[in-house]
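Novice: Give me a model of this one.
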Amino acid sequence: MASFYKLLTGTYIHRNFLKPRAALHPFMCIHFVDYCSSHLQKQVASAHRVSQQRKSGEGIQEDHPKDIALDITSPDKKPDSFDKAIREEAMEHLRRLKNEIMAHWVGPEGRPIHEVIMEQAKVVWQFREKEDLEKWIVTSDKTIGGKSEIFLKMAKNNQSALLYGTLSSEAPQDGKSNQSGYCAMISRIPRGSFERKLSHDWSRFNTLYLRVRGDGRPWMVNIKQDTEFVQRKNHMYSYFMFTRGGPYWQEIKIPFSKFFFSKQGRIQDVQGPLVPDKISSIGFTLADKVDGPFFLEIDFIGVFTDPAHTEEFAYENSPAISPGLFKYNTWGTFE
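Specialist: Numbers count the residues shown, from 1 in each chain. As a prediction, this is how the structure comes out:
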C-alpha cells in the first residue's frame, strides 16, 4: 500500500510540477524548472550510460532504449535580466523624483531658502573628476564632412578640463557646403525623473563668470534658452570670449545684458534681452578661420551678481532704420 501511494504521488508531482506553466510566478517557475531540468537530465544521462554499457557487454546490435528522456527545456534567463533592468531603471527614476520633491519642500537643491536668497555667486560646472566630463558634448564640422577635430579630457592635475584639437577651414568635397571650420563644446540638458527636461534658474544673478586659460583665440559663448513662449522657443544668445594666451589664468565676466540674439551663427535684426530663469544649456564655439591647433583649459563656469552692473539690455531696436522692424519686448511678443 505504501509503495502504491509513493507511485501515485511521484506521478502527480511529475505531471503537475515538472513542466513550466504560465500560471506559475515567472521567477519561481524559472528557478524551479531549471533545478528540475538539470536534475532530471543528470538522471537520464546516467541511466543512458548504464544502458549503453549493458548493451556493449551483451553484444546487442539493435538499439531499443527503454529510458525515454523528458524534453524539458529550461526557459531563457534573458527575460529575468530584462525585468531586473526595468526594475532598476524604475527605482532610479523614483529615487530622482523623491529627491526633487524633497528639494522642493526644503529649498532649491536641498538648501534652506534663506541661503539661496542671500547667495551672490554659484558654480554651475566645475571639472574635478572624469564624471564631470560626461555632462558635456564635443562636436565639429566632421558631422558635415569637414576635417576639424576636437577632444575633451581632464588636465594633468585633475583640477580643470582641457579642450583641444585642430581647426581646419577646408570645405568638404560634397558639392553642397562651401564653408567649414568650427569646433564646439556644449553642455548636456539636465534631466530629472522619467527623463524630464530640466533647466537652470539664473534669475538671481546678472553675470556669467568663467575661469579659463587659452591660447589667444576668440571663442563664442552660446546660451540656449528654453521657455514656454512660442516666439522664444530654443533661442540662442551669444557673446564673445577673448583669451589672452600665456600661462596665467584669466577670469572672464560677461553680463547677461551683453548677450545678443543669434540664429545659426547670424545676428538677428530683432533683438531682445536674455531671460535667465530657464537656461537649458551653454556652449563654446571656435570658428575664427585660423587653421591649426588650439586649446582651452576651463577651471569652472558659474554665475554671480554684480551690484555695480545695472544695465538691462545693451542693444536697441530701431524702427526708424527699417520701417518693417518691430520692437521685441521682454515678454517675448512683438509690438
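Novice: Only C-alpha atoms from now on, for both contacts and neighbour counts.
Specialist: Will do.
Novice: hey, C-alpha coordinates of the longest strand anywhere in the chain in CSV?
Specialist: In the chain, assigned by DSSP state E, the strand with the most residues is strand 292-304. Output of strand 292-304 as CSV, limited to C-alpha atoms (Å, rounded to 0.1, in the frame of the first residue of the first chain):
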residue,chain,number,x,y,z
GLY,A,292,45.9,75.0,-36.8
PRO,A,293,45.9,73.5,-33.2
PHE,A,294,44.0,75.1,-30.4
PHE,A,295,43.4,74.6,-26.7
LEU,A,296,41.2,76.0,-24.0
GLU,A,297,41.6,75.0,-20.3
ILE,A,298,38.5,75.5,-18.1
ASP,A,299,38.5,75.6,-14.3
PHE,A,300,34.8,76.3,-13.6
ILE,A,301,31.8,78.0,-15.1
GLY,A,302,29.4,79.9,-12.8
VAL,A,303,27.2,82.9,-12.3
PHE,A,304,27.3,85.7,-9.8
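Novice: Renumber starting at 36 from here on
Specialist: Sure thing, new numbering starts at 36, so read that last one as strand 327-339.
Novice: strands paired with it, and their directions?
Specialist: strand 156-161 (antiparallel), strand 196-202 (antiparallel), strand 242-249 (antiparallel) (DSSP bridges).
Novice: Let me know the average pLDDT across the second one.
Specialist: Yep, that's strand 196-202 we're talking about. Taken as a whole, strand 196-202 has an average pLDDT of 97.
Novice: Show residues contacting it.
Specialist: With contact meaning Cα atoms under 8 Å, 6 or more residues apart in numbering, strand 196-202 is reached by 162, 168, 182-190, 216-218, 324-334.
Novice: which element follows it toward the C-terminus?
Specialist: Next in sequence after strand 196-202, counting helices and strands by DSSP states H and E, comes strand 218-222.
Novice: Who are the packing partners of that next one?
Specialist: strand 171-175, strand 184-189, strand 314-321 (3 or more Cα pairs under 8 Å, 6 or more residues apart in numbering; DSSP states H and E).
Novice: Would you mind telling me which of the ones you listed is nearest residue 238?
Specialist: strand 314-321 (9.7 Å; Cα to Cα).
Novice: tell me the domain boundaries of this protein?
Specialist: According to automatic domain parsing, the chain is divided into the following domains: 37-90, 155-339.
Novice: hang on, the earlier thing: is it possible to export the helices and strands packed on strand 218-222 to TSV including mean neighbour count, distance to residue 136 and mean pLDDT?
Specialist: Listed next are the helices and strands packed on strand 218-222 as TSV, based on neighbours: other Cα atoms under 10 Å; distance: least, Cα to Cα, whole Å; pLDDT from 0 to 100:
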stretch	mean neighbour count	distance to residue 136	mean pLDDT
strand 171-175	18	26	96
strand 184-189	18	34	96
strand 314-321	20	21	95
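Novice: Quick one: closest of those to residue 128.
Specialist: Residue 128 lies closest, by Cα to Cα, to one member of those: strand 314-321, at 20.4 Å.
Novice: The closest one to strand 218-222, inter-axis angle?
Specialist: Computed with axes from the mean of the first three to the mean of the last three Cα atoms, to 10 degrees, the direction of strand 314-321 lies at 160 degrees from that of strand 218-222.
Novice: by contact count, what packs against strand 314-321?
Specialist: strand 218-222, strand 253-260.
Novice: Please name whichever of the ones you listed is nearest to residue 311.
Specialist: In terms of Cα to Cα, the element of the helices and strands packed on strand 314-321 nearest to residue 311 is strand 253-260, at 7.6 Å.
Novice: Name every strand pairing with the closest one and say which way it goes.
Specialist: According to DSSP bridges, strand 253-260 forms sheet pairs with strand 270-277 (antiparallel), strand 314-321 (antiparallel).
Novice: can you redo those as a markdown table with distance to residue 128?
Specialist: Output for the strands paired with strand 253-260, formatted as a markdown table (distance: least, Cα to Cα, whole Å):
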| stretch | distance to residue 128 |
| --- | --- |
| strand 270-277 | 29 |
| strand 314-321 | 20 |
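Novice: and of those strands, who's closest to residue 119?
Specialist: Using Cα to Cα, these put strand 314-321 closest to residue 119, at 32.5 Å.
Novice: Give me the contact list for the closest one.
Specialist: Contacts to strand 314-321, defined as Cα under 8 Å, 6+ apart, come from residues 217-225, 233-237, 253-261.
Novice: how big is the angle separating it from strand 171-175?
Specialist: The directions of strand 314-321 and strand 171-175 differ by 40 degrees, with the same axes, to 10 degrees as the criterion.
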